[in-house]
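K.L.:
Got a predicted model here, sequence first, then my questions.
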Amino acid sequence: MRFYPSAAAAERAGFRPCLRCRPETAPFSPAWKGSLATVERGVRMIGEGVLDRAPVKALAASLGVGPRHLSRLFEKHLGASPGQIARTARVQRAKRLLDDTELPMIEIAARAGFRSLRRFNAVFAEVYKRAPSEIRRTTRSD
């Protein structure tokens, strides 16, 4: 019995892929990860701001699945919906901007992906239990 680090190395040594064990589903390949690969791509796209510009339906379509199935996959692998993941990413972006810049609140809200200052204030206060201006004052006084 011989072991090779990859299917390509085995082919180079003259072996053909096994028809029974399916080496194309080797660890760390997208096929091996199964639905987790779709979720990881979705999270990457959310981090790039896809849901700041388009609905979950558009994200699902770009991943090749339906919106309900995408929500089930996110729930299964992350315990949260795509919208919740996007909301958390927006709040974290806003927190970094509050800590690292002197931008006005309206600009922070826009850059973080919120469509309105009112929504930004509400979500931020819900997550951090403090208003964004209070967080900024705390950071400045340290």
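P.N.:
All right, it came through fine. Only a predicted model underlies this, so the values are computations on that prediction, with no experimental measurement involved.
K.L.:
can you tell me the helix or strand for the residue positioned nearest the centre of the chain?
P.N.:
With distances taken as Cα atoms, centre = their mean, the residue of the chain nearest its centroid is residue 43 (1.9 Å). Using DSSP states H and E, residue 43 maps to helix 35-47.
K.L.:
If we go by neighbour counts, what in the next helix or strand along the chain from that helix is buried?
P.N.:
Counting by DSSP H and E, the next helix or strand C-terminal to helix 35-47 is helix 50-53. In terms of neighbour count (16 or more other Cβ atoms under 10 Å), helix 50-53 has its buried residues at 50-52. Yep, even glycine has a C-beta here, placed from its N, CA and C like the rest.
K.L.:
Then stretch 84-104?
P.N.:
For stretch 84-104, by 16+ other Cβ under 10 Å, it's 85-87, 89-91, 93-95, 97-98.
K.L.:
mind listing what the residue nearest to the centre of the chain touches?
P.N.:
Residue 43 is in contact with 78, 85, counting by Cβ atoms under 8 Å, 6 or more residues apart in numbering.
K.L.:
quick one: low-confidence parts of the protein?
P.N.:
Along the chain, segments meeting pLDDT under 70 span 6-7, 17-33, 139-142.
K.L.:
What are the contacting residues of the longest helix along it?
P.N.:
With DSSP state H setting the assignment, residue counts place helix 82-100 as the longest helix in the chain. Residues from elsewhere that reach helix 82-100 (Cβ under 8 Å, 6+ apart): 42-43, 46-47, 51-52, 56, 59-60, 70-71, 74, 78, 80, 103, 108-109, 111-114, 120, 123-124, 127-128, 132, 135-136, 139.
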